[in-house]
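Student: Fold the following.
(chains A, B, C and D)
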There are 2 protein chains.
Amino acid sequence: MLTNSAKYAMKAVLFLALNTNENNKMMVKDIYERINVPQSYLAKLLQELSKHNIVSSSRGPKGGFYLDDKNKSIRLIKIVDIIDGEQRLRSCMLSLKECDNENPCALHRLVGDANSSFIKNLEETTIESLIADVRDGKSILPL
Amino acid sequence: MLTNSAKYAMKAVLFLALNTNENNKMMVKDIYERINVPQSYLAKLLQELSKHNIVSSSRGPKGGFYLDDKNKSIRLIKIVDIIDGEQRLRSCMLSLKECDNENPCALHRLVGDANSSFIKNLEETTIESLIADVRDGKSILPL
DNA sequence: TCGCAAATATGACGAATATCATATTCTAAC
DNA sequence: GTTAGAATATGATATTCGTCATATTTGCGA
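Tutor: Below is the predicted model of the structure:
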């Protein structure tokens, strides 16, 4: 479904959304313990996200990563697609070319409904709306 | 979510359910092309399923694999658990110990609902009921 | 402008999954 | 019983994912 990388990436983006902005950057070494992701691994992921303009960064003293306010409207699916590739999440459970909703394979409904509602959620949910839930105490941000 | 192995295993069991019985066995070399699974890989999976008494087998001339009628009441979850292990499907999306329905992590509902309904489906669905759908033309058996 | 602190680029290694190949064991049929 | 045909056991290899380490580049601050 999702790789660890995608999960870590989402954690990291959420963390940045809650704890940083353009004037308040954070370095990898101050983040990784708080979200429980290996340091070098996190670095690599953030670099990838930065390359795709999901998160922002600046080098040198006082540098670090941060999430620009503009980017808070980004939808979760984008993070997943960048890190995992677009295929992974969307391939038919039995990996059949012929299988779709019109002509469902024997296992399609079993999985398909659950999976496509999950994808829809990722497509609809913005970073913004998720952190609102955390701020309101509706959910916790995992460490 | 599911490994390829688990998917292949389900395909294989469904195929056996539709095409074999105690008096009508099939060999790996006559199955693998029809369900599009590498021959040796399929052999290994069927051996594993056989060891756990999901499918039946006999060696020697006129031997092969088959699905005993008794085993058609087996639920899909059992196949998945044997092949993938019980953990894989059930771990929290962000792999947090602290995260559950009472205290959901920020992404929990997003994923959790889809995933647990999927698990429930696997727990409720028997091989029997799936092949009934195929027989009734409600779904196709994938190649 | 110089040095240092940060991200960035690169790649090596480990572990799990996916795949392939082969020697061995059992068993039905002659 | 002998033989041949099948599963079974075992393990070698490939590929992808996860992790770690290090050299390089960039830009702030003195």
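
Student: what helices or strands is the helix or strand of chain A at the bottom of the mean pLDDT ranking leaning on?
Tutor: Least confident helix or strand, chain A: helix A:108-124 with a mean of 77, by mean pLDDT, DSSP states H and E. Judged by 3 or more C-beta pairs under 8 Å, 6 or more residues apart in numbering or on different chains; DSSP states H and E, helix A:108-124 is in contact with helix A:76-84, helix A:86-90, helix B:108-124. Heads up, the C-betas are built off the backbone N, CA and C, glycines and all.

Student: how many other residues sit next to the residue lying closest to A:N21 once chain neighbours are set aside?
Tutor: Spatially, and ignoring its direct neighbours in sequence, A:N21 is nearest to A:Y66 (5.9 Å; C-beta to C-beta, 6 or more residues apart in numbering or on different chains). Using other C-beta atoms under 10 Å in any protein chain shown, A:Y66 is surrounded by 21 other residues.

Student: Over to A:F15?
Tutor: 23.

Student: could you pull out the helices for chain A?
Tutor: A:4-19, A:28-35, A:39-51, A:76-84, A:86-90, A:108-124, A:127-135 (DSSP state H).

Student: so which of those helices is the most packed in?
Tutor: Of all the helices of chain A, helix A:4-19 carries the top mean neighbour count, a mean of 22, counting by mean count of other C-beta atoms under 10 Å in any protein chain shown.

Student: how about that helix against DNA strand C, any contact?
Tutor: No - Helix A:4-19 stays clear of DNA strand C (C-beta under 7 Å from any atom of the strand), getting no nearer than 10.6 Å.

Student: Local confidence estimate at the closest residue to A:A43 other than its chain neighbours?
Tutor: Excluding its sequence neighbours, the residue lying closest to A:A43 (C-beta to C-beta, 6+ apart) is A:V28, at 4.7 Å. The model reports A:V28 with a pLDDT of 95.

Student: and A:V28, what does it touch?
Tutor: Each residue near A:V28 by C-beta atoms under 8 Å, 6 or more residues apart in numbering or on different chains is listed here: A:39, A:42-43, A:46, A:64-65.

Student: Against A:K7, how distant is it?
Tutor: Noted for A:V28: a distance of 17 Å to A:K7, by C-beta to C-beta, to the nearest Å.

Student: for A:S116, what are its contacts?
Tutor: So A:S116 contacts nothing (C-beta under 8 Å, 6+ apart).

Student: Which residues of chain A lie near DNA strand C?
Tutor: Checking chain A against DNA strand C by C-beta under 7 Å from any atom of the strand, the hits are A:26-29, A:40, A:43-44, A:46-47, A:50-51, A:57-65.

Student: Go again with 10 Å.
Tutor: Residues of chain A lying near DNA strand C by C-beta under 10 Å from any atom of the strand: A:25-31, A:39-51, A:55-66, A:95.
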